[in-house]
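A.B. asks: Here is my input; please provide its structure:
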Amino acid sequence: MITGYITHPHCMLHHMGPEHPESPSRLEAIQARLSLAGVLQQTMQSDARPATEEELARVHSLRHLRALDKCVPEEGIVTLDSDTLMNPDSLEAARMAAGAVIRGVDQVFRGQADNAFCAVRPPGHHAEAADAMGFCFYNNVSVGAAHARAQYHACRIAILDFDVHQCNGTIDIFKDDPEVLICTSYQYPFYPWRYIRSEWNNVINTPLAAGTDSATFRRAIEDDWLPALHAFKPDIVLVSAGFDAHREDEMADICLDESDFHWITQLAMDIAALYADSRLVSVLEGGYHLASLGRSAEAHLKALLGLPLED
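C.D. replies: Sure, this is the predicted structure:
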């Protein structure tokens with residue numbers, strides 16, 4: 001498999017204070033682990049480019065985009081909500097994160113790569129059409145989905161989100177859109193509490209109880225996601241890859257490990273191979289325990305490369 005690895009140094013410039021869990025050290029941990037494991041060297045590495053206002057406006061209101069622009073401080077940090085803060089470089093990093101998914105979509109539709117992983121921050125899946133929240137400014141995976149539709153006429157886009165938090169922003173943007181299928185697993189009840197009981201026809205919710213183990217997680221994914229995905233037959237598979245459901249991550253109480261992230265990545269790839277000429281683009285969402293984040297990203301990338309978890 002040819003796997004694109006897309007990132008940008010500007011994603012390291014965004015920070016929200018020394019105690020904030022969504023920090024530049026997350027990307028450092030991922031890159032260090034992938035390099036040490038010899039996995040990064042097997043990818044096709046490239047830099048992201050910033051998403052344009054036109055590309056962002058496919059999923060966000062212009063009013064939201066302009067309001068964010070006005071919030072950028074000349075120095076220091078400003079607070080948008082209780083856990084989403086902005087420094088002078090935050091929106092530049094956020095545009096790179098969204099642009100990375102666009103580049104990944106371009107790579108898989110142009111046959112330059114089979115799949116791609118976007119190692120970027122800030123994350124995006126909590127950003128709603130007109131709201132920044134949950135560490136997120138722009139909804140990266142939704143920007144990529146809208147690009148696939150606008151540029152390549154994709155009409156069946158599957159978004160798979162296995163972060164420990166539900167992708168409220170992605171649901172807000174695409175709720176009841178027949179061309180987008182959203183499959184989301186998450187700890188229940190838990191942040192963000194926005195669409196946690198949503199019953200949109202195109203949203204497959206997989207709520208997980210605190211303490212959910214590997215076997216229960218895998219059974220729930222197979223029961224909930226696979227029938228919907230086989231019926232939908234996507235043109236492209238997009239993945240919001242959150243690794244905060246790892247048992248070592250203190251953000252929540254789901255008890256997964258690296259093998260589960262390798263497994264669910266293979267599941268996503270099987271769907272992409274069946275229906276989408278293997279086109280799959282993944283983007284980093286959560287994951288805040290640095291050691292387990294690095295190992296989980298390694299497992300995810302190994303699956304994308306077609307490698308076993310253990311050599």
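A.B. asks: Enumerate every residue touching the nearest residue to Thr216 once chain neighbours are set aside.
C.D. replies: With CB to CB, 6 or more residues apart in numbering as the criterion, Thr216 has its nearest non-adjacent residue at 7.5 Å, and that residue is Leu208. In short, each C-beta sits where N, CA and C put it, glycine included. Neighbouring residues of Leu208 by CB atoms under 8 Å, 6 or more residues apart in numbering: Ser185, Tyr186, Gln187, Tyr188, Thr216, Phe217, Ala220, Ala245, Ile254.
A.B. asks: Could you dump those into TSV with distance to Met44 added?
C.D. replies: What follows is the contacts of Leu208, written out as TSV (distance: CB to CB, whole Å):
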residue	distance to Met44
Ser185	29
Tyr186	32
Gln187	34
Tyr188	38
Thr216	36
Phe217	31
Ala220	33
Ala245	28
Ile254	32
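A.B. asks: Would you check which pair of those lies furthest apart?
C.D. replies: Based on CB to CB, the longest span within the contacts of Leu208 runs between Tyr186 and Thr216 and measures 13.8 Å.
A.B. asks: quick one: low-confidence parts of this protein?
C.D. replies: 311 (pLDDT under 70).
A.B. asks: CA-only coordinates of stretch 259-266 in CSV, if you can.
C.D. replies: Coordinates of each C-alpha in stretch 259-266 appear next as CSV, following Å, rounded to 0.1, in the frame of the first residue of the first chain:
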residue,chain,number,x,y,z
SER,A,259,-4.6,-3.8,18.7
ASP,A,260,-8.1,-2.3,18.6
PHE,A,261,-7.0,0.7,16.6
HIS,A,262,-5.2,-1.6,14.1
TRP,A,263,-8.3,-3.7,13.9
ILE,A,264,-10.7,-0.9,13.2
THR,A,265,-8.3,0.6,10.7
GLN,A,266,-8.3,-2.7,8.8
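A.B. asks: about what we covered before: report the buried members of the contacts of Leu208.
C.D. replies: The neighbour count (16 or more other CB atoms under 10 Å) marks Ser185, Tyr186, Gln187, Tyr188, Phe217, Ala245, Ile254 as buried among the contacts of Leu208.
A.B. asks: you'd agree the first one is up against Phe162?
C.D. replies: Yes: with contact defined as CB atoms under 8 Å, Ser185 and Phe162 form a contacting pair (5.2 Å).
A.B. asks: From the buried ones among the contacts of Leu208, which land in strands?
C.D. replies: Ser185, Tyr186, Gln187 (DSSP state E).
A.B. asks: Dump the residues you listed into CSV; add distance to His289 as well.
C.D. replies: Shown next, in CSV, are those (distance: CB to CB, whole Å):
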residue, distance to His289
Ser185, 19
Tyr186, 18
Gln187, 15
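A.B. asks: Can you tell me which of these is nearest Ser282?
C.D. replies: Once CB to CB is applied, the member of these that ends up nearest Ser282 is Ser185, at 15.1 Å.
A.B. asks: Now find how far off-centre stretch 131-141 is within its chain.
C.D. replies: Stretch 131-141 has its C-alpha centroid displaced from the chain centroid by 11 Å (CA atoms, centre = their mean, to the nearest Å).
A.B. asks: whoops, stretch 214-224 was the one
C.D. replies: On CA atoms, centre = their mean, the centre of stretch 214-224 falls 20 Å from that of its chain.
A.B. asks: swap in stretch 255-264?
C.D. replies: Using CA atoms, centre = their mean, the offset of stretch 255-264 from its chain centre is 16 Å.
A.B. asks: Also stretch 4-20?
C.D. replies: That offset, for stretch 4-20, works out to 15 Å (CA atoms, centre = their mean).
A.B. asks: Next, the buried residues of it.
C.D. replies: Gly4, Tyr5, Ile6, Thr7, His8, His10, Cys11, Met12, His14, His15, Met16.
A.B. asks: pretty sure Gly169 is in a strand, no?
C.D. replies: No: counting by DSSP: H, G, I helix; E, B strand; the rest coil, Gly169 is not found in a strand; it is helix.
A.B. asks: What residues does it make contact with?
C.D. replies: Gly124, His125, His126, Ala127, Glu128, Ala129, Asp131, Met133, Gly134, Cys136, Asn139, Ser142.
A.B. asks: hmm, try it at 10 Å
C.D. replies: Gly169 sits next to 59-60, 123-129, 131-134, 136, 138-142, 192, 194-195, 240 when contact means CB atoms under 10 Å, 6 or more residues apart in numbering.
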